[in-house]
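Enquirer: sequence and predicted structure are below.
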Amino acid sequence: MNKQIILLITILCLFNTEIFAQKNNDRSIQVDYNKVKGQLNTMFKECIGAGRANEGLRADWQQQLALAKKDCDFKYIRFHGLLVDDMGVYGVNDKGEPQYNFQYIDVLFDYILEIGMKPFVEIGFMPSSLASGKETIFWWRDNVSPPNDYDRWQELITNLVTHFTQRYSEEEVKTWYFEVWNEPNLSGFWAGTQEEYFKLYEYTAKAVKSVNPEYRVGGPATAGNAWIEETIQFTDDNKSPIDFISTHSYGVKHGYLDEFGTSGTILSKDEWSVSGDVIGVRSKMDSLQKQHLELHYTEWSASYTPADPIHDSYHEASYIIQKMKQIGNAANSMSYWTFTDIFEEAGPRYTPFHGGFGLLNYQGIKKPAYFAYQFMNKLADIELENSDDKSWATKDKSGNFQLLLWDFTNTHPGDTELNQTYYAQELPSEDKGNVTIQLENIPKGTYELQVFKVGYKTNDAYTMYINMAKPNQLTSEQVKTLKEEANGAPMLSETINVTSNGVFNRTLNINENDVFFLNLKKI
């Protein structure tokens, strides 16, 4: 064979290899309707976060929580500031005797229970009349010092938990969680030492269990997965009661606390940021023979600052779902921080989109992140076997089928740019090819197919806000327009017939960080 022919064959082989590789970028999702993996793990909607208790007395906060409950079906809610002075819980009379007042808490907890949710009770912070120091954090001046009298602290918690029992019943309170403090490993949140935190934990846990030994108490509620081994060691050595471990994780590089949202953040390029933390902590707990302890991440998000535009961006939707899929069964709950931008750690914010933590902004406009939770909530109870790592396939007992699929692409440029500039601009998404869906052995019949989507310029209120030139204040007409843009309506609805071969096929074009939800409802 001459050299020219050999060269031509080589070129053709390289050309065909390139075409084949390009085709292989397309995804194929094949699911057999009859191959069941098991019960779907719904830890992603077990708990949701909120700023502080007093904000929960606002009408707009309550309206937004009711909406999030309806669409996303969150089970528990956790927030700071249950015991701070603006809740009027604790004081002393002119004789120096303790006085208790739970009326504000009653209003809040009554509402939470009324809409079908439960409190994940974060016990903190310190009433000023019981504080040993003057250290505070946040715009609302939360005191973070240890108690000046641990016995009086224990009496306060005993009286509070007794009040819950009398008002809501033992059986109800047995379903709650009591978490001791928030992020005591950070000096901003705890002015004491680790030893003093463990003393606080011991007095608090004994108070909760003194009312009913079946009530659930835990901690250490630390930032960055800290103090897990130390907490287990302390409770083992002192025979202190503990029912769960709680901690926090965020997906940005460096730091844990940015009270005023001014430090700047960079999204981690680590594929297993957040999810790797969760899996690692669960593994550590199991290695310490603590398989019986539940693990709750009572705060998590892409970023720990209330001024990070990734929270508003369409990128956050696929980020959320990707992390939940990676975590799997490692955690009992992953409480996204937070459901609403009605959040005043740094005081009221001045613009309708400011990088706030919420799934909803001040005006109740649904961010892309909201639809991540709404779509996950649309999944049915029975998970099907599926080898694609960026999709979930489920079915219900009525013969309906659901598929949630997404692309996750971390487009952040890395250390050269902060989130605060990168995600604050319009970011068009690149084409990622096609996804071919094949569902086999589906029961014969007529179905309504609905396809929902969130991504760039689809249920993407923030990009539309950018295109409005980012007005500092929204008119009622602009709010209406943005809500219509992000109304969650299906992008496609049609009737299909499944014949006797029981196969359903569909091909979708997918861009970076698109999320699709397909629902086949039997008619």
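Expert: Nice, I can see it. Numbers count the residues shown, from 1 in each chain.
Enquirer: going by C-alpha atoms from here, please, whenever you check contacts or count neighbours.
Expert: Noted.
Enquirer: isn't Leu200 right up against Tyr150?
Expert: Yes. With contact defined as CA atoms under 8 Å, Leu200 counts as touching Tyr150 (7.4 Å).
Enquirer: neighbour count: those two, which is higher?
Expert: In this comparison of Leu200 against Tyr150, neighbours counted by other CA atoms under 10 Å, the higher total goes to Leu200 at 19 against 15.
Enquirer: any idea which helix or strand comes after the host helix or strand of that one?
Expert: Leu200 belongs to helix 194-211 when elements are defined using DSSP states H and E. Per DSSP H and E, helix 194-211 leads on to strand 216-222 as the next helix or strand towards the C-terminus.
Enquirer: and Val479, how far from Pro352?
Expert: Remark: distance between Val479 and Pro352 (CA to CA, to the nearest Å) = 10 Å.
Enquirer: so for these two, which residues contact both of them?
Expert: Jointly contacting Val479 and Pro352 under the rule CA atoms under 8 Å, 6 or more residues apart in numbering are Gln363.
Enquirer: hang on, Phe516 in a strand?
Expert: Yes. Assessed by DSSP: H, G, I helix; E, B strand; the rest coil, Phe516 belongs to a strand.
Enquirer: ok, now which ones touch it?
Expert: Going by CA under 8 Å, 6+ apart, Phe516 touches Leu404, Leu405, Trp406, Val451, Phe452, Lys453, Val454.
Enquirer: any idea what it is bridged to?
Expert: Leu405, Lys453 (DSSP bridges).
Enquirer: which pLDDT value goes with it?
Expert: We have a pLDDT of 98 for Phe516.
Enquirer: what's the distance between it and His311?
Expert: 19 Å.
Enquirer: how is this protein carved up into domains?
Expert: With domains defined by automatic domain parsing, the chain comprises 26-38+384-522, 41-380.
Enquirer: phi, psi for the residue nearest the centre of the chain please.
Expert: Among the residues of the chain, the one closest to the centroid is Tyr336, at 2.0 Å (CA atoms, centre = their mean). The phi/psi pair for Tyr336 (degrees, to the nearest 10) reads phi -70, psi 140.
Enquirer: which residue is the nearest non-sequential neighbour of Val31?
Expert: Spatial nearest neighbour of Val31, chain neighbours left out: Leu439 (5.0 Å); criterion: CA to CA, 6 or more residues apart in numbering.
Enquirer: and the gap between that neighbour and Trp406?
Expert: Leu439 is 17 Å from Trp406, by CA to CA.
Enquirer: same deal with Ile29?
Expert: 11 Å.
Enquirer: same check on Asp431?
Expert: Asp431 is 13 Å from Trp406, by CA to CA.
Enquirer: repeat that for Tyr314.
Expert: For Tyr314, the distance to Trp406 - CA to CA - is 12 Å.
Enquirer: need the residues touching each of these two.
Expert: Looking at what touches both Tyr314 and Trp406 (by CA under 8 Å, 6+ apart), the common residues are Asn513.
Enquirer: ok, these two, which is more surrounded?
Expert: Taking neighbours as other CA under 10 Å, Tyr314 and Trp406 compare with Tyr314 leading, 31 against 26.
Enquirer: so which of the domains of the chain is the most packed in?
Expert: domain 41-380 (a mean of 20; mean count of other CA atoms under 10 Å).
Enquirer: what's the end-to-end length of that one?
Expert: 10 Å.
Enquirer: and what of stretch 74-90?
Expert: Stretch 74-90: ends 30 Å apart by CA to CA.
Enquirer: any idea how far that stretch is from the middle of the chain?
Expert: With CA atoms, centre = their mean, to the nearest Å as the basis, stretch 74-90 stands 19 Å off its chain's centre.
Enquirer: one more: stretch 496-504?
Expert: 37 Å.
Enquirer: what sits up against it?
Expert: 437-449.
Enquirer: report all helices and strands that the helix holding Leu200 contacts.
Expert: Contact partners of helix 194-211 among helices and strands, from 3 or more CA pairs under 8 Å, 6 or more residues apart in numbering; DSSP states H and E: helix 150-168, strand 177-180, strand 216-222.
Enquirer: what ranges do the strands span in the stretch 301-450 of the chain?
Expert: For the stretch 301-450 of the chain, applying DSSP state E, counting those that start in this stretch gives strands covering 333-336, 382-384, 391-395, 401-406, 431-440, 445-454.
Enquirer: isn't Trp392 right next to Asp381, touching?
Expert: No. Taking CA under 8 Å as the definition, Trp392 is not a contact partner of Asp381, at 11.4 Å.
Enquirer: okay, now the unreliable bits of the stretch 151-300 of the chain?
Expert: The stretch 151-300 of the chain contains residues with pLDDT under 70 at 255-261.
Enquirer: what do you get for the chain?
Expert: 1-25, 255-261.
Enquirer: in it, which spans are helices?
Expert: 3-24, 59-72, 103-114, 150-168, 170-173, 194-211, 228-238, 275-287, 315-327, 368-378, 419-422, 461-467, 476-485 (DSSP state H).
Enquirer: Serialize those helices to CSV and add fields for distance to Trp181.
Expert: Listed next are those as CSV, based on distance: least, CA to CA, whole Å:
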stretch, distance to Trp181
helix 3-24, 50
helix 59-72, 23
helix 103-114, 17
helix 150-168, 12
helix 170-173, 19
helix 194-211, 8
helix 228-238, 13
helix 275-287, 20
helix 315-327, 25
helix 368-378, 27
helix 419-422, 29
helix 461-467, 34
helix 476-485, 37
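Enquirer: which stretch among those comes nearest Leu520?
Expert: Across these, Leu520 has its closest neighbour in helix 368-378 (11.6 Å, CA to CA).
Enquirer: what's that closest one packed up against?
Expert: The helices and strands touching helix 368-378, judged by 3+ CA pairs under 8 Å, 6+ apart, are helix 59-72, helix 315-327, strand 401-406, strand 445-454.
Enquirer: now distance to Pro213 too, for these, in TSV please.
Expert: Formatted as TSV, these follow (distance: least, CA to CA, whole Å):
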stretch	distance to Pro213
helix 59-72	30
helix 315-327	31
strand 401-406	41
strand 445-454	46
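Enquirer: from Gly399, how far off is the closest residue to Gln39 other than its chain neighbours?
Expert: Distances taken as CA to CA, 6+ apart place Ile382 nearest to Gln39, at 5.0 Å, with adjacent residues excluded. Separation of Ile382 from Gly399 (CA to CA): 11 Å.
Enquirer: over to Ile29?
Expert: For Ile29 relative to Gly399 (CA to CA), the value is 20 Å.
Enquirer: related to what we said a few turns ago, and the residue nearest to Gln39, what does it touch?
Expert: Contacts of Ile382 by CA under 8 Å, 6+ apart are Val36, Lys37, Gly38, Gln39, Leu40, Thr394, Lys395, Asp396.
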